[in-house]
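Novice: Fold the following, please.
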Amino acid sequence: MKKKFKLKISSATENLEIIREFIVRIAIKGGFEEESSDQIALAVDEACTNVIKHAHNYDSRRMIDISVLLDGQKIQITVCDKGKGFDVNKLSTPNLSKYIHESRKGGLGIHLMRNLMDNVEYNFHSGVKNQVVLTKYLRKNVALS
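Specialist: Down below sits the predicted model:
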């Protein structure tokens, strides 16, 4: 049975906590363990932070639309905005050793999303509609006989 949830929220960093709590509650409701739920929420937080910073340039009058689908096998979160898009294919894989050595901050959001989720898809139409779709599959523990 599919369940759908939606959240439309102002594009402001102070709303990230609300977004994380929204995602964690739905993920737990969908059967995910607490640790997985927190990882899913972190990935969504990173996607929303990118919208706030890069697509909306910290303009809290802009909105972020978050849709969540639970279907018993996975959770699929779609983060939408109408801000400035970018070409994700132009991003290089970050050198984590260099980041640590140089004590760099930021710039790892997409890398983090890709590592925390099973699938991350991007669909950008700058100024019209941008989407990031984050998918995590529910893995049931199977008893070995």
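Novice: what helices or strands is the helix or strand where residue 22 lies leaning on?
Specialist: With secondary structure defined by DSSP states H and E, residue 22 is part of helix 16-29. Helix 16-29 is packed against strand 3-10, helix 34-50, strand 63-70, strand 74-81, with contacts defined by 3 or more CB pairs under 8 Å, 6 or more residues apart in numbering; DSSP states H and E. Every C-beta, even on glycine, is put in place using the N, C-alpha and C of the backbone.
Novice: The third one pairs with which strands?
Specialist: Under the criterion DSSP bridges, strand 63-70 sits next to strand 3-10 (antiparallel), strand 74-81 (antiparallel) in its sheet.
Novice: Most tightly packed of the ones you listed?
Specialist: strand 74-81 (a mean of 21; mean count of other CB atoms under 10 Å).
Novice: Would you mind getting the angle between that strand and helix 34-50?
Specialist: Put simply, strand 74-81 runs at 20 degrees to helix 34-50, going by axes from the mean of the first three to the mean of the last three CA atoms, to 10 degrees.
Novice: Off-centre distance for strand 74-81?
Specialist: Counting by CA atoms, centre = their mean, to the nearest Å, strand 74-81 is centred 7 Å from the centre of its parent chain.
Novice: what's the answer for stretch 34-47, then?
Specialist: 7 Å.
Novice: next one: stretch 10-29
Specialist: 10 Å.
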